[in-house]
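Engineer: Everything below, folded, please.
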Amino acid sequence: MEMSEDDNNMEEYPTEIHDYLAAFEKSLGSVDEMLKTMMSVSRSELLQKLDPLEQAKLDLVSVYTLNSMFWVYLATQGINPKEHPVKQELEQMRERIRTYMNKVKEITDKKKASKLDKGAASRFVKNALWEPNAENDHTSKTSAKGKKLQRD
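Structural biologist: Numbers count the residues shown, from 1 in each chain. Sure thing, here's the model as predicted:
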């Protein structure tokens, strides 16, 4: 029985690669589904549903994805992206994207941080501090001094 050329090639590559190729194919399917979902809605319609911070996140993820996909495209065409003239521009763009992603993360973290309830804090401090009453002024001070003396 003769083997076809494809069968022969299948036997020549290590079987470990098969797992990587299957994972890659699954990832491509996920990217394809995500792109179909994003492309099914107009950009202006999508942006109307998002607050400004979410719009910034969407823009950053979109630019980062396009940048990465172009890098992959070059590689799939047999072009080494590291040696391509566009390499420097892509790297600069990635650095700018990272900078903006960090800024968005800082803003998001600040929004998530618990906010000080000034009224509650004021009540807490006010109740925690000792306030002498006119009638308890003398007894409270002497009992406080007595306690202090007893500790020493």
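Engineer: Kindly tell me how buried V41 is, as a neighbour count.
Structural biologist: 11 (other CB atoms under 10 Å). Backbone N, C-alpha and C define where each C-beta goes, glycine included.
Engineer: In space, not sequence, find me the middle residue of the chain.
Structural biologist: Residue closest to the average C-alpha location in the chain (CA atoms, centre = their mean): K105, at 6.1 Å.
Engineer: element containing that residue, please.
Structural biologist: K105 belongs to helix 87-112 when assigned by DSSP states H and E.
Engineer: any weak-confidence spans in this structure?
Structural biologist: Counting by pLDDT under 70, the chain has low-confidence residues at 1-13, 114, 116, 130-152.
Engineer: Do you have the helices of it handy? List them.
Structural biologist: According to DSSP state H, the chain carries its helices in the segments 5-12, 15-39, 43-48, 52-76, 87-112, 118-128, 137-151.
Engineer: can you give me the angle the helix holding K105 makes with helix 52-76?
Structural biologist: 150 degrees (axes from the mean of the first three to the mean of the last three CA atoms, to 10 degrees).
Engineer: what comes up buried for helix 87-112?
Structural biologist: Under the neighbour-count criterion of 16 or more other CB atoms under 10 Å, helix 87-112 has L90, M93, I97, Y100, V104 buried.
Engineer: same check, this time on stretch 52-59
Structural biologist: A56, K57.
Engineer: And for it, what's in contact with it?
Structural biologist: Stretch 52-59 has contacts (CB atoms under 8 Å, 6 or more residues apart in numbering) with L46, L47, L50, Y100, V104, I107, T108, K111.
Engineer: Go through those residues and say which is closest to M34.
Structural biologist: L46 (13.1 Å; CB to CB).
Engineer: residue contacts, that closest one?
Structural biologist: M38, L58.
Engineer: quick revisit: does anything pack onto the helix holding K105? Which helices or strands?
Structural biologist: The helices and strands touching helix 87-112, judged by 3 or more CB pairs under 8 Å, 6 or more residues apart in numbering; DSSP states H and E, are helix 52-76.
Engineer: Report the angle between the helix it packs on and helix 15-39.
Structural biologist: Interaxial angle of helix 52-76 relative to helix 15-39 (the same axes, to 10 degrees): 140 degrees.
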